[in-house]
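Asks: Kindly return the folded structure for what I paste below:
(2 chains)
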Amino acid sequence: MNHKNQDEKDWLDDRLAKSHVEYSGNEDHRLELRERMLHAFDQGQSKRSHSMEWSTPTRNRSIRLFAAIAACVVIASSIGIWTSLEARKTIEVRGQVIQDAQYVNAIEMMNRCQDLASPEIYFQGIAICAPHR
Amino acid sequence: MTQNGPDPTTPQLNQWAVTASKDRDALGRLYDLSYESVLRYCIRRTGDRSIGEDLTSIVFMTVAQKIPTVSMGSYDDFLRWVFAFANNEILAHFRKDARRSVLMTSAVAENRLHIPSNEPDPIDSDLFELNKAMKSLSEREQSILSLRYFASLSYEAIGAIHCMRAGTVRAATARALERLRTKLGTQL
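Replies: Sure thing, here's the model as predicted:
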């Protein structure tokens, strides 16, 4: 604190020193508050450390939750795989998705013929198959 | 001088502030060092010793509850934090007091309550005048003067408590002192 500040403090202190208000600490209050504060701190610490422990019911709950989530993941994956396998059974012809197994078989047969390179025959085959759907 | 020996060095103080969130001993040492200035600040602001003690108790109990969740880098951080609590508690006290005052005034007006005249005792007149002069300053000015001169906080620390720049705090302090001098000069 520089000289000017000290003067200002002295001036204010001088004014307030005449007051009947005591500002020095009361030892009883200081000690009692110290004890209460540290007790509250200890209690807080103990609560926190207790909450960090994994009690048996909590652990069991967590295991059950984990098992349920794992089961959901397995089921979802299975459905996904099955769906994608099913999707492979469809064939897209000129922008149309064809799912009919019989129809698909007919096209596959056509695919296997040597004239597959000719689009005309390919689409004629489709035209033949179409009325039977 | 602390309760148990010589003044601690700044690195020691900073170390206690850093570890106080987990170490009760460090917290106790910080308490020993700051109790007096917090109490003095609360008494100066409220003008009442018992209210000052009550507010100081609230402040340190809040500190005990919240310190485990706070990370501090230095003793200055700790002081800023504690005085910010003290300031909030004092403002809350003033708000409650204002509400009580309205109730008391209406009770007296309706003749439900008699309050003896509170003419100051001649012995207390100087304190009365001083408190009156202090009360004529704004809440912020009262707080700044108390923090600066009775809690010995730096302008930076006061600025952090009041969300002001250190230079602004310095200017506000000078203005508040000047106004206080003028008030007291005209009253006496």
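
Asks: pLDDT of the helix ranked longest in chain A, averaged?
Replies: Ranked by number of residues, the top helix in chain A under DSSP state H is helix A:56-87. Taken as a whole, helix A:56-87 carries a mean pLDDT of 84.

Asks: and if you look at stretch B:61-79?
Replies: Stretch B:61-79 comes out at a mean pLDDT of 89.

Asks: And for stretch B:38-56?
Replies: The model assigns stretch B:38-56 a mean pLDDT of 84.

Asks: ok, now which ones touch residue B:99?
Replies: Not one residue lies near residue B:99 by CB atoms under 8 Å, 6 or more residues apart in numbering or on different chains. Every residue, glycine included, has its C-beta placed from N, CA and C.

Asks: From chain A, how far out is it?
Replies: Distance of residue B:99 to chain A, computed by CB to the nearest CB, to the nearest Å: 24 Å.

Asks: Confirm that residue sits in a strand?
Replies: No - counting by DSSP: H, G, I helix; E, B strand; the rest coil, residue B:99 is not found in a strand; it is helix.

Asks: Which pLDDT value belongs to it?
Replies: pLDDT, residue B:99: 72.

Asks: so how far is stretch B:174-188 off the chain centroid?
Replies: 21 Å (CA atoms, centre = their mean, to the nearest Å).

Asks: Look at residue A:70 and say how many residues are nearby.
Replies: 10 (other CB atoms under 10 Å in any protein chain shown).

Asks: Show me what counts as buried in the helix or strand containing residue B:82.
Replies: Using DSSP states H and E, residue B:82 sits within helix B:75-109. Buried residues in helix B:75-109, counted by 16 or more other CB atoms under 10 Å in any protein chain shown: B:75-87, B:89-90, B:93.

Asks: biggest separation within those residues, which pair?
Replies: Across the buried residues of helix B:75-109, no pair lies farther apart than B:75 and B:93, at 26.5 Å, counting by CB to CB.

Asks: Check the secondary structure at residue B:164 for me.
Replies: Look at residue B:164: counting by three-state DSSP, its state is coil.
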